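Participant: Return atomic coordinates for the entry below.
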Amino acid sequence: NFQMEIHTHRYVEIMYCAKGEFIFDYFPSDGDPEHITIYKGQFILINPGSFHHITIEDNNARIMNLEFEPKIGAAEQTAALCEISKMNGVLANICEDNGPFYIFTDHDLYVENDIRQIIDEMSFNGFESNSKLLMQTLLIKLFIDVSRCAQNVGLSRNCMLHLKKAVKYIQNNFHRISAADAARACGISTAYMQRIFKKELNETFISFVTKIRVHNAKKLLLNTNTGIDEIAAACGYTNRRHLLTVFRKCENCTPSAFRKNNKDRQIADENFFEQIFLSPPPPV
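Facilitator: I've put the predicted structure just below:
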């Protein structure tokens, strides 16, 4: 096992997981640490000034690392990245957002190949003048392929924080809630909140609230002896008939039949919410 010391630096860093997995820990100045597992085929871009370390518990893990320190005379790379970001809206948003880190999935393995080529070139030729043009070309290709990955990211880190806050608010207020209430609690507009729900979770705000209400109805059905009328009221439905209609549409059975057919099961909150934010990505 390996654990890096908590540190920060003045350069941009890319850590690519070529094999196995590792844990990335970020330490904000005004909040709890964030612990994120980086899987094979994913890479993390870490901005300057971000306190972090990694933990490797997988003995077969392999990580490739690149560090970009701004220097006088590196205007070509900087200009190229700026031009690439202009052509790619998501990458431009990331550059403007200036968050502490971003996680990408390299579905086509282009970024992995780029990093391997850069590392090989540095190992064989270092920064000799005759390899300068090749190195600049490799870096520009890397930036282009990172921008391709950024197209699939969906949301910036700030958007994801808004989404998590909205989901937590819904969890605590699903019995009586509106899109305007949730947006106000997150400090964003209703239209913006509905847009990020659709883009990241591929469903509307209303359908997501319904999913949470039905989940909590199922939990009460299996974990308690509460009556159907009381469950309907606790889950935000005006009456038993309203719950019956929604439940049958989602589960293809009535609440009473669901309780009878699953009497030996229990449902916990974390099982549902881990599916949203903590599931590992599909294999690459």
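Participant: just the helices in the stretch 51-200 of the chain please.
Facilitator: Here the stretch 51-200 of the chain has its helices, by DSSP state H, counting those that start in this stretch, at 75-87, 89-97, 110-125, 132-151, 157-173, 179-186, 190-201.
Participant: Minimum distance to Met64: which of these has it?
Facilitator: Met64 lies closest to helix 110-125 among the helices of the stretch 51-200 of the chain, at 5.0 Å (C-beta to C-beta). To be clear about C-beta, it is placed using only N, CA and C from the backbone, and glycine gets the same treatment.
Participant: doesn't Gly49 fall inside a helix?
Facilitator: No: Gly49 sits outside any helix when classified using DSSP: H, G, I helix; E, B strand; the rest coil, being coil.
Participant: Mean pLDDT for the helices of the stretch 51-200 of the chain - can I get that in CSV?
Facilitator: As requested, these are exported to CSV (pLDDT from 0 to 100):
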stretch, mean pLDDT
helix 75-87, 50
helix 89-97, 52
helix 110-125, 89
helix 132-151, 81
helix 157-173, 79
helix 179-186, 85
helix 190-201, 81
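Participant: Quick one: closest of those to Pro48.
Facilitator: Closest approach to Pro48 among the helices of the stretch 51-200 of the chain is made by helix 89-97 (13.1 Å; C-beta to C-beta).
Participant: tell me the SS of Ile44?
Facilitator: Of the three states, Ile44 takes strand according to three-state DSSP.
Participant: what do you get for Val214?
Facilitator: helix.
Participant: wait, doesn't His242 sit right on Ala232?
Facilitator: Yes: using C-beta atoms under 8 Å, His242 makes contact with Ala232 at a distance of 6.6 Å.
Participant: more neighbours, these two?
Facilitator: Legend: neighbour count by other C-beta atoms under 10 Å for His242 and Ala232, higher for Ala232 (23 against 13).
Participant: Could you work out the end-to-end span of stretch 144-160 for me?
Facilitator: Criterion C-alpha to C-alpha, to the nearest Å; first-to-last residue distance in stretch 144-160 is 24 Å.
Participant: cool, stretch 23-41 as well?
Facilitator: Stretch 23-41: ends 14 Å apart by C-alpha to C-alpha.
Participant: can you pull the buried residues of that stretch?
Facilitator: 24-27, 37-41 (16 or more other C-beta atoms under 10 Å).
Participant: Using CSV, please lay out those together with pLDDT and secondary structure.
Facilitator: Converted to CSV, the buried residues of stretch 23-41 look like this (pLDDT from 0 to 100; DSSP: H, G, I helix; E, B strand; the rest coil):
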residue, pLDDT, secondary structure
Phe24, 91, strand
Asp25, 90, strand
Tyr26, 89, strand
Phe27, 90, coil
Thr37, 83, strand
Ile38, 86, strand
Tyr39, 85, strand
Lys40, 89, coil
Gly41, 89, coil
